[in-house]
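>>> build me a structure from this.
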Amino acid sequence: VQLVESGGGLVQPGGSLRLSCAASGFTFSSYTMTWYRQAPGKEREFVAGISSTAGSTNYADSVKGRFTISRDNAKKTAYLQMKSLKPEDTAVYYCMARWGLINREYWGQGTQVTVSS
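Got it, this is the predicted structure:
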């Protein structure tokens, strides 16, 4: 089982990044996908989530209107499109897959996003 995030990096304020989370080793289409982030010295926080069929999404208030979560079940990949990035978006971003029916979840190793001029 693997979740591998990619797409992080250094970007200027106001810029954009698209994170990807590639899954393998489990039935991706059965799992909800969620992005979390953790800034230095802070607790991990929820960013965005998407249902297994992509029928519903939800976002933290701090990213609404700027971030978009999506998924491609055929490619077993989830995405987080981030626009209008702010310095306070700087964090390690993690993706998490969860199947509530069997109480199983998997985490990726994280990808660093740094927003700075």
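>>> what about the strands in the protein?
Remark: strands assigned in the chain by DSSP state E are 2-6, 9-11, 17-24, 32-38, 45-50, 57-59, 67-72, 77-82, 91-99, 104-107, 111-115.
>>> need those strands in JSON lines (columns: mean neighbour count and mean pLDDT).
The C-beta positions use only the backbone N, C-alpha and C, and glycine is treated the same way. JSON lines is the format used below for the strands of the chain (neighbours: other C-beta atoms under 10 Å; pLDDT from 0 to 100):
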{"stretch": "strand 2-6", "mean neighbour count": "17", "mean pLDDT": "97"}
{"stretch": "strand 9-11", "mean neighbour count": "14", "mean pLDDT": "98"}
{"stretch": "strand 17-24", "mean neighbour count": "19", "mean pLDDT": "98"}
{"stretch": "strand 32-38", "mean neighbour count": "22", "mean pLDDT": "98"}
{"stretch": "strand 45-50", "mean neighbour count": "19", "mean pLDDT": "98"}
{"stretch": "strand 57-59", "mean neighbour count": "15", "mean pLDDT": "98"}
{"stretch": "strand 67-72", "mean neighbour count": "18", "mean pLDDT": "98"}
{"stretch": "strand 77-82", "mean neighbour count": "23", "mean pLDDT": "98"}
{"stretch": "strand 91-99", "mean neighbour count": "21", "mean pLDDT": "97"}
{"stretch": "strand 104-107", "mean neighbour count": "14", "mean pLDDT": "96"}
{"stretch": "strand 111-115", "mean neighbour count": "18", "mean pLDDT": "98"}
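>>> list the contacts of residue 26.
Contacts for residue 26 (C-beta atoms under 8 Å, 6 or more residues apart in numbering) come out as 1, 97, 106.
>>> pretty sure the second one contacts residue 105?
Yes - Residue 97 lies in contact with residue 105 (C-beta atoms under 8 Å); the separation is 6.3 Å.
>>> please name the nearest non-neighbouring residue to the residue nearest the centre of the chain.
With distances taken as C-alpha atoms, centre = their mean, residue 35 lies nearest the centre of the chain, 3.0 Å away. Nearest residue to residue 35 in three dimensions, chain neighbours excluded: residue 47, at 4.3 Å (C-beta to C-beta, 6 or more residues apart in numbering).
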